[in-house]
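In: Here is my input, please return the structure:
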Amino acid sequence: MATDIAGFAALADPTRREIFERVAARPSSVGELAAGLPVSRPAVSQHLRVLKDARLVADEAVGTRRVYRADPEGLAMLREYLDLFWRRSLDSFAAVAEETFHDHADPTPDPTPGPT
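Out: Residues are numbered from 1 along each chain as shown. Coordinates of the predicted model:
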């Protein structure tokens, strides 16, 4: 679960989140990413290192460049973490709804007959 938290912490920085969103949209090199951002190439590399450590991006050598892409396994861990809370919320909602239904249900029928 610590890795899950690391992913959220990595995405807390707005510049890092922007870099991640760009990489998730299209695999990119550091140079391509830095060209569209108001930070230096070394800063982009540092942000990518944090994202990689959090398993949100992976890289591969393509010629003399490193190309970064979203890491589906890391994203799956974040999704599983969020799904855990979603399931708990739905279970709590279902329990409250069931309790409310039973509290408002009339267990005994009205003994007086209605008009026939």
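In: Next, count neighbours for Gly44.
Out: Quick fix: residue 44 reads Val, not Gly. The number of residues packed near Val44 is 25, by other Cβ atoms under 10 Å. Yep, even glycine has a C-beta here, placed from its N, CA and C like the rest.
In: Would you mark the buried spots in the longest helix belonging to the chain?
Out: When the chain is parsed with DSSP state H, its longest helix is helix 72-104. Neighbour-count burial for helix 72-104, counted by 16 or more other Cβ atoms under 10 Å, picks out 74-75, 77-78, 81.
In: Of these, which is the nearest to Arg22?
Out: Comparing the buried residues of helix 72-104 against Arg22 with Cβ to Cβ places Leu75 closest, at 15.0 Å.
In: Nearest spatial neighbour of that closest one, chain-adjacent residues omitted?
Out: Spatial nearest neighbour of Leu75, excluding adjacent residues (Cβ to Cβ, 6 or more residues apart in numbering): Leu56 at 6.8 Å.
In: distance of the one you found from Arg26?
Out: Using Cβ to Cβ, to the nearest Å, Leu56 is found at 15 Å from Arg26.
In: When the two are compared, which one has more neighbours?
Out: Remark: of Leu56 and Arg26, Leu56 carries more neighbours, 27 against 10, as counted by other Cβ under 10 Å.
In: Confirm for me that that one is in contact with Ala10.
Out: Yes - counting by Cβ atoms under 8 Å, Leu56 touches Ala10, with 6.0 Å between them.
In: what is in contact with these two at once?
Out: Residues touching both Leu56 and Ala10 (Cβ atoms under 8 Å, 6 or more residues apart in numbering) are Phe20.
In: What pLDDT does the model give Ala95?
Out: Model confidence at Ala95, given as pLDDT, is 76.
In: Ok, Ser89 next?
Out: 75.
In: Next: Thr112.
Out: 66.
In: try Pro115
Out: 67.
In: Also Phe101?
Out: We have a pLDDT of 75 for Phe101.
In: how near is it to Leu75?
Out: Going from Phe101 to Leu75 by Cβ to Cβ gives 38 Å.
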